[in-house]
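>>> The sequence isn't on hand, but the structure is:
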């Protein structure tokens, strides 16, 4: 519940609980508030640090376009402000991309790296999916923005089964999708264009957890399989019957895997 | 290369080759022209009938909204005009949906039913995906319409590997995405809303081929598994490493499965 | 490190650590000793109870054939001896089968049920696989017994990559596969014939974790999917690129999922 | 219905129908007779050549152990005897292994290569599975030989659903599993040990069809994915819900894919 200054921009962060630091990096349309329901479980053994990236949540908006490396420095600033060391760094989707770039630049800060629903590259397909999101935001069309960004991040089965919840969520999101939010989204989405760490991630040596969702139609399973192949000390698990937004579709599976990996101290080998 | 009248609307159709009739039903953004490259192979043993649905290709445009049952009658009119009997009916995506509804109403006309990348229901998820397409069409935004409709129907791997071809295709499509086309698309997409044959398809007794693509993010694999469970005399095959537009991504796999199934006369059983 | 008497048979058990009781049920060819390497991680927050079933490890051998329900009572006897209440019950393979039957008979003893690589029925296929194991044991052919029981429980990739470890393991197992062991195995394998809880498990209401391995060729993924569908309060996770013996092939994935699920106190729902 | 001499051994072969030659290579426990039910469909457009490998069916038995390269020469002898040219070569399992080795040595004889349920290497896992089969054959234990060889080549679902058919088949096979058959099987299984074409198959340029079964527990899906990656002009299709013996479990899917691929003349590309 505090702000720090990074390049004259306010960065919002929260600290909850005590224990080994667990820094949580949001997906693109999320904010610190998205994690409230998970805090009771996560705070039991960890000091949980939530933060909003630039153009996200309560952090300041930007005026110009930028790339994800600025978010890497935002994260670095939060870590330095809190004098954290050997953090466990969790990222999902956009947050996972920032986490991978942070690991490549500041690996010594890390104890464990945890990547849910993450890709190593904004390939042309994902870029054009993102541009469709930008187009809808540029048209200031809330309904269009909802329809192009939200269904695709859920599995069809979950979305259909929970259509009432989705519709209530739609009502909430329509209130969020104002001018300021949509222009921020345009910059955030654009900041992931050009992202590509495929040639570098074999250098990551920190213990890394990689999690896929079976019906992830934004960063499909083969993207995480690629990362798993490249990072030597990696642990890889699949959540069945879930879309991209794994923490909402499968919260217990999500917490089980995340908390379990955090609890491991001894990466013993059988073979 | 001819037209027939259905309800005062011109319906365009073509007949190629000789043999058992094979009627081909297009996906929503396709037309008779989409099948040119496949004709040499398909005409060798079949009389191939291509047709454009209402609001598609060279067939007349509609003025009002409608449901897919009108396309079922369009198909019936073509069959009657050509005095076809015991046809092999192929449909992909939107065409598969019309094919299933035709089978339920006019099963006696069918010899074999062939469904690629087809769902049995426009569930809320698919409906909202479709509404995103409608939103982009309503905004008359060609770039938005491309970005929300095209990437999602290809697998990320294919789209990325063939980005030059995709970009040339984009240029062609931008010329196609004029006012008339986009208003027709709004009606076509809307005509699939409310589609639901889940409670009926167990009545289909005709021999049926069902084909899925591994990375079909529009009508995912579990949709075809559902249809396979319900239709007793069904044959089910998966094309690996392909998106929704299976005929473009995997043309030889597509032809192999389609031609092979057409060639079967004796559905002998081992057990 | 103690024995209790059950029906005049000695049952061996061990207790390690402090905390919520976690009772571990072995797979058919395992014993308490199989878990040594996992104890440091598991004991940190749990009182871990290891036990050998009848005809397993240090527990007494039987003379006559029996069914798995006797192992359910063995488990009950251990729980009563230790005056345990609200245990977390873990089972893998044969142990998972006993765990399911225990849950159906004594659900009030359970806090959480954890099933790795478990089936709900010894179907005719699995029965005949098991009879092949019995045949090799009856022939007192160590090499045959190894070749029919061991490769199938590993994924081909793991077995091939770690062939030196497998071969050292083979040497160890040849020493284990003596007359007494093989006759015990015949009874153990036979005790799983007729196992079928498919019609009952929908009654299980305790929170349940179900884990599959992608290349499980003994109890394939669809077996666990079936259990997941039937048990309402279930959490389901897949370990990619692993065979049936998930704890040996993927020890960190195994511990991550097991420890994570044990740590959950609040099964909060998002939807 | 004829024999030819190869190295003083009688090789049995049959020729059925007229058209492009399709030579069929059996799996290890099959013979020419296994294909009777498929002949009506396959003979319509093809001259089908069935043959029994050495130690198989009506071909002569061997006395000494050998490697699969002798079967490659047996196939060459049949092709020369019949003065065939530009054949379509089909192999399943053991037959697929021989087909791959034939393609590497005599590619100019081939028009198309068709591989169902085939691996490119007898890795240590598959070798030990095979040794379990040899152990049972050496013990002259019919029941053991059935239980270790038959269930594993079917999917659990098929085997369970068709248990009556399986049991009738068991009765038939018990009559087949005599001394002569079992000693031939020991040599046949042994002839696949050491098989490894992984470093060579990238040289195969002939059009190649590769087919996997979802529940193939002998030559799992990733084996065919490997071959597909290596052979440039390959077409790859998956039969869902089938075990290793795809032609028995899914005869219509089997014929659909095989006949369809045989019918392709123009490997046109879209991209």
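Yep, that arrived. It should be emphasised that the depicted structure is a prediction, and the values quoted were computed from it without experimental measurement.
>>> rest of the way, CA atoms for contacts and neighbours
Noted.
>>> Name all residues that make contact with the nearest residue to residue A:51 once chain neighbours are set aside.
Computed as Cα to Cα, 6 or more residues apart in numbering or on different chains, the closest residue to residue A:51 that is not its neighbour in sequence is residue A:13, at 4.1 Å. By Cα atoms under 8 Å, 6 or more residues apart in numbering or on different chains, residue A:13 lies in contact with A:1-4, A:32, A:49-52, A:78.
>>> name the helices or strands packed onto the one helix or strand residue A:72 maps to?
Using DSSP states H and E, residue A:72 sits in helix A:69-81. Helix A:69-81 is packed against strand A:2-6, helix A:94-106, with contacts defined by 3 or more Cα pairs under 8 Å, 6 or more residues apart in numbering or on different chains; DSSP states H and E.
>>> a strand runs through residue A:11, doesn't it?
Yes - assessed by DSSP: H, G, I helix; E, B strand; the rest coil, residue A:11 belongs to a strand.
>>> Wait, it touches residue A:56, no?
No - look at residue A:11 against residue A:56 with Cα atoms under 8 Å: they stay out of range, at 9.3 Å.
>>> measure the residue in chain A that chain C sits nearest to to residue A:211 for me?
The minimum distance from chain A to chain C, using Cα to the nearest Cα, falls at residue A:260 (3.4 Å). To residue A:211, residue A:260 is 13 Å away according to Cα to Cα, to the nearest Å.
>>> For the residue of chain A closest to chain C, give its distance to chain B.
Taking Cα to the nearest Cα, to the nearest Å as the measure, residue A:260 falls 30 Å from chain B.
>>> nearest spatial neighbour of residue A:231, skipping sequence neighbours?
In space, and not counting its chain neighbours, residue A:231 is closest to residue A:202: 5.2 Å by Cα to Cα, 6+ apart.
>>> Quick check, pLDDT for that neighbour.
At residue A:202, the pLDDT value in this model is 98.
>>> What segments of chain A are strands?
Assigned by DSSP state E, chain A shows strands spanning A:2-6, A:9-16, A:20-25, A:46-51, A:87-92, A:110-116, A:207-213, A:234-239.
>>> So in that sheet, which strands flank the fourth one, and in what orientation?
Think strand A:46-51. Taking DSSP bridges as the criterion, strand A:46-51 forms sheet pairs with strand A:9-16 (antiparallel), strand A:20-25 (parallel).
>>> give the contact list for the residue in chain A sticking out farthest from the centre.
Residue distances from the centre of chain A (Cα atoms, centre = their mean) peak at residue A:271, which lies 33.2 Å from the mean C-alpha position. The contact partners of residue A:271, by Cα under 8 Å, 6+ apart, come to C:162, C:165, C:248.
>>> Let's have those residues in CSV, adding distance to chain D and neighbour count.
Below are these laid out as CSV (distance: Cα to the nearest Cα, whole Å; neighbours: other Cα atoms under 10 Å in any protein chain shown):
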residue, distance to chain D, neighbour count
C:162, 10, 14
C:165, 12, 14
C:248, 16, 17
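>>> Can you sort out which of the residues you listed also neighbour chain A?
Within the set of the contacts of residue A:271, contact with chain A (Cα under 8 Å from any Cα of the partner chain) is found for C:162, C:165, C:248.
>>> Save these as TSV, and put in pLDDT and distance to residue B:83 too.
Shown next, in TSV, are those (pLDDT from 0 to 100; distance: Cα to Cα, whole Å):
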residue	pLDDT	distance to residue B:83
C:162	97	66
C:165	96	70
C:248	96	66
